[in-house]
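Visitor: Sequence first, then the predicted structure:
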Amino acid sequence: MKKTLQDYLYSLVKSNKVKLLSSVVITLFSGLTRGGSFILLLPLLNLAGITGNPDQNSRAFKLTKIIWDMLGISFTIYTCLIIYVLLVLIHACLGYMKNIIDVTVVQEYKQNLRNELFSAVINAEWGFIKSAKNTHIFNNIINEINNIGYSVNLVISSFSTFTLFFFYLSTSLYVSIKMTVIASLCIVPLLLVQRKLNNNAYKSGLAMYTRHESLFNAVLEFINSFKMAKSYTFQDRYETEFRKITQQTVKDEYIFAKISAGTSILYEVGSAIIVSIILILAIKVVHMPVVDLLLMIYIASKLLPTISSLIRVLQYTLNTLPSYEGVINLLHDSQKNQEKNDDKLPVNEFPKKFIKFSEISFRYDEEKPILNNFSYEIEVNKTTSILGASGRGKTTLVELLLGLLKPHSGKILLDNKDLNDVNLTDWRNMSAYIPQECFLFNATIRENLLWVKPEANEAELQEVLKLVAGEFVFRLPNGLDTNVGDQGIRLSGGERQRIALARALLRNPKILILDEATNALDISNELIIKKAIDNLKGKMTILIIAHNQYLHEGADETVDLEAVPSILYPE
Ligand SMILES: Nc1ncnc2c1ncn2[C@@H]1O[C@H](COP(=O)(O)OP(=O)(O)O)[C@@H](O)[C@H]1O
Ligand SMILES: [Mg+2]
């Protein structure tokens, strides 16, 4: 906990030293101007005769007069008022500047952390992303970073409390070092009791972190299964589940509120006891002069609340520390699993002869090997069918081929280059992969197509659509400019697949991989796709995975994973 807190504060300081320093400096000046305008009130009262005749011996009066003499202006009620208004004006301007700087620091800190996390996740290996929970990534990027932002805000705003704390502390030391030391010793037991509360604040933060993820999970799962929930009439179940989580969230917040309120009580009562001790010691033991005694009590009554308020900031920070830990852990894990491409061999041209699986072994977990010493050679510019029952590892094979997953042993060779040694970005740029669950963005059909080739012209778009039986697009009222809705929800499954196919072809790939990409199509449309594929035969390397026999017909080669003895089937 301590180490993370240090790391967190260090990361904050490192994030924007200049702005943070400016904030501190402004806080100091702001304190001075406020103090100045406050002190000015005393000679003003004096000059106005409210406190009786001008008291030439008043300290504030003397001090102000010295400054006035230095500035070379005459000491009247008017100059005093003008200076007073000027000071207030400066104080207000400084406050404005500080607000703006603080907001920028918070926003920049959040933005940098969020960008860094996003880049790390998106550049991590597919195997890592595949095994991470979506909601974990989602929650950290969106929610937890916001949470950290609140804490950053609070930490920065506590600078002024810090300044006040040092101001009162030094005044107290100036009046009486002995009494200040005694008072500080009195605070020690308070701080000891405090430690337990701090631990609890952190623990309650941990509980909140888990709860945020459950909440996100519940919402995301509901959104993803909205239709199912409705059709199974499971809304009640979802509602109950959801309410359970929100109720727990309230409980977590309540626990933290209690900790915070407990701290206030502790310090309020503690302060009263400390002031009493000071009084007794000052009167009975030290025999302090009355003026100093009053000043001491005044300072103690100001100093103790600043400590209490700083402790509450610390508690809130500890409470949000699990958010920071979560984000940093995900960041580091992603960074550890980065796909390294820079030092790899560029792939300038597609393999001339073959893509070869050479004694490949792969498993997701120990008990469940998917491939075991699997060897197969895909000939370039041939069409290869991959057969196998559901769950045999067809998609896994494709992910290995694209370098999305790494084999545990064995090699994938592009002619004689090891896939492990080549630049995967180059390699993937030559391919078009259409998975079963094709993804369309919530945008127009045109935008979805142009995603892979922004410079494509209208004729190219029409051509690829015709190739994949996509003429239905031209019959839509808005044609290519029809919005497809979230994940293409406004289109039928078959329509979505045809657009995904058109998008893949628009990329003009060297290797086309259809992974059950036509399973939502009816036979007549599938036959059109088959014809399109037949036309592409010999022009590119094609891999077909399909349940339907049509697409496999006419393939040059077939690899039947069922018949490969080296595969240890799951089960
Ligand atoms: N991320 C994963 N973690 C653990 N097991 C997985 C993961 N992805 C797939 N599997 C398992 O690996 C096996 C092969 O999956 P897959 O290649 O998708 O099969 P296919 O495409 O042939 O239907 C399945 O049993 C599946 O449950
Ligand atoms: Mg599959």
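Guide: That came through, no problem. Numbers count the residues shown, from 1 in each chain. Ligands and ions are numbered 1, 2, ... in the order given.
Visitor: from here on, contacts and neighbour counts on C-alpha atoms
Guide: Fine.
Visitor: which stretches of the chain have low pLDDT?
Guide: 38-39, 41-43, 45-61, 564-571 (pLDDT under 70).
Visitor: Enumerate the residues of it near ligand 1.
Guide: Within the chain, the positions near ligand 1 by Cα under 6 Å from any ligand atom are Lys130, Ser131, Tyr364, Ser390, Gly391, Arg392, Gly393, Lys394, Thr395, Thr396, Pro570.
Visitor: Phi, psi for the closest residue to the third one other than its chain neighbours please.
Guide: When the adjacent residues along the chain are set aside, Tyr364 lies closest to Ile370, with 7.5 Å between them (Cα to Cα, 6 or more residues apart in numbering). Ile370 adopts backbone torsions of phi -100, psi -50, taken as degrees, to the nearest 10.
Visitor: hmm, back to that, show me the residues of the chain next to ligand 1 that map onto helices.
Guide: Per DSSP state H, helices hold the following members of these: Lys130, Ser131, Lys394, Thr395, Thr396.
Visitor: Domain map for the protein?
Guide: 1-122, 130-339, 354-563 (automatic domain parsing).
Visitor: Could you dump those domains into CSV and include mean neighbour count?
Guide: As requested, the domains of the chain are exported to CSV (neighbours: other Cα atoms under 10 Å):
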stretch, mean neighbour count
domain 1-122, 16
domain 130-339, 17
domain 354-563, 18
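Visitor: of the ones in helices among the residues of the chain next to ligand 1, closest to Ile274?
Guide: Ser131 (55.8 Å; Cα to Cα).
Visitor: Quick check: the gap between the closest one and Asp333.
Guide: 12 Å (Cα to Cα, to the nearest Å).
Visitor: so who does Leu295 touch?
Guide: By Cα atoms under 8 Å, 6 or more residues apart in numbering, the contact list for Leu295 is empty.
Visitor: Distance of it relative to ligand 1?
Guide: From Leu295 across to ligand 1, the span is 69 Å (Cα to the nearest ligand atom, to the nearest Å).
Visitor: and what of Ile328?
Guide: In terms of Cα to the nearest ligand atom, Ile328 sits 23 Å off from ligand 1.
Visitor: host element of Thr161?
Guide: helix 145-175 (DSSP states H and E).
Visitor: what do you get for Thr541?
Guide: strand 541-545.
Visitor: Can you name the next helix or strand after that strand?
Guide: Next along from strand 541-545, by DSSP H and E: helix 549-552.
Visitor: Relative to the whole chain's centre, how far out is that following helix?
Guide: Using Cα atoms, centre = their mean, to the nearest Å, the distance from the centre of helix 549-552 to the centre of the chain it belongs to is 45 Å.
Visitor: before we move on, what about stretch 237-254?
Guide: 23 Å.
Visitor: ok, and what's touching that stretch?
Guide: Ser204, Ala207, Met208, Arg211, His212, Ser214, Leu215, Ala218, Phe222, Ala229.
Visitor: rerun at 7 Å
Guide: Ser204, Ala207, Met208, Arg211, Leu215, Ala218 (Cα atoms under 7 Å, 6 or more residues apart in numbering).
Visitor: got the CA coordinates for that stretch in CSV?
Guide: Output of stretch 237-254 as CSV, limited to C-alpha atoms (Å, rounded to 0.1, in the frame of the first residue of the first chain):
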residue,chain,number,x,y,z
ARG,A,237,-33.5,-11.8,-13.1
TYR,A,238,-31.3,-9.1,-14.6
GLU,A,239,-32.9,-6.5,-12.5
THR,A,240,-32.5,-8.5,-9.3
GLU,A,241,-28.8,-9.1,-10.1
PHE,A,242,-28.3,-5.5,-11.0
ARG,A,243,-30.0,-4.2,-7.8
LYS,A,244,-27.8,-6.5,-5.7
ILE,A,245,-24.7,-5.0,-7.2
THR,A,246,-25.9,-1.4,-6.8
GLN,A,247,-26.9,-2.1,-3.2
GLN,A,248,-23.4,-3.5,-2.5
THR,A,249,-22.0,-0.3,-4.0
VAL,A,250,-24.1,1.8,-1.6
LYS,A,251,-22.8,-0.3,1.3
ASP,A,252,-19.2,0.2,0.2
GLU,A,253,-19.7,3.9,-0.1
TYR,A,254,-21.4,3.9,3.3
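Visitor: And the furthest pair within the ones in helices among the residues of the chain next to ligand 1?
Guide: Ser131 and Lys394 (18.1 Å).
Visitor: possible to save the domains of the chain as TSV with distance to Leu345?
Guide: As requested, those are exported to TSV (distance: least, Cα to Cα, whole Å):
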stretch	distance to Leu345
domain 1-122	22
domain 130-339	14
domain 354-563	4
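Visitor: Let me see the backbone angles for the closest residue to ligand 1 within the stretch 401-550 of the chain.
Guide: Taking Cα to the nearest ligand atom, ligand 1 has its nearest neighbour within the stretch 401-550 of the chain at Asp515, 7.8 Å off. Backbone torsions for Asp515, taken as degrees, to the nearest 10, come to phi -100, psi 90.
Visitor: wouldn't it be in contact with Gln436 here?
Guide: Yes: under the criterion of Cα atoms under 7 Å, Asp515 makes contact with Gln436 at 5.6 Å.
Visitor: what about Ile259, distance to Leu331?
Guide: In terms of Cα to Cα, Ile259 sits 30 Å off from Leu331.
Visitor: Let me see the ranges of the strands in the stretch 301-450 of the chain.
Guide: 354-365, 368-379, 383-387, 409-414, 417-418, 431-434 (DSSP state E, counting those that start in this stretch).
Visitor: Give me the phi and psi for the residue nearest the centre of the chain.
Guide: Central residue of the chain (Cα atoms, centre = their mean): Ile141, 2.3 Å from the mean position. Main-chain torsions, Ile141, degrees, to the nearest 10: phi -70, psi -40.
Visitor: my guess is it meets Arg114, correct?
Guide: Yes: assessed by Cα under 7 Å, Ile141 is found in contact with Arg114 at 6.0 Å.
Visitor: how about the strands in the stretch 451-571 of the chain?
Guide: So, for the stretch 451-571 of the chain - with DSSP E, counting those that start in this stretch - the strands run 511-515, 541-545, 557-560.
Visitor: and these as TSV, adding distance to Asn147?
Guide: TSV is the format used below for those (distance: least, Cα to Cα, whole Å):
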stretch	distance to Asn147
strand 511-515	41
strand 541-545	45
strand 557-560	52
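Visitor: so who does the residue nearest to Asn373 when sequence neighbours are not counted touch?
Guide: In space, and not counting its chain neighbours, Asn373 is closest to Glu359: 4.0 Å by Cα to Cα, 6+ apart. For Glu359, the contact set (Cα under 7 Å, 6+ apart) comprises Asn373, Phe374, Ser375, Gly410, Lys411.
Visitor: switch to 8 Å and redo it
Guide: Asn372, Asn373, Phe374, Ser375, Ser409, Gly410, Lys411.
Visitor: do the same with Asp342
Guide: Asn423.
Visitor: before we move on, back to that, and the strand holding Thr541, what does it pack against?
Guide: strand 383-387, strand 511-515 (3 or more Cα pairs under 8 Å, 6 or more residues apart in numbering; DSSP states H and E).
Visitor: That one pairs with which strands?
Guide: strand 383-387 (parallel), strand 511-515 (parallel) (DSSP bridges).
Visitor: picking up where we left off before, quick one, which of the strands of the stretch 301-450 of the chain gets closest to Lys344.
Guide: strand 417-418 (10.6 Å).
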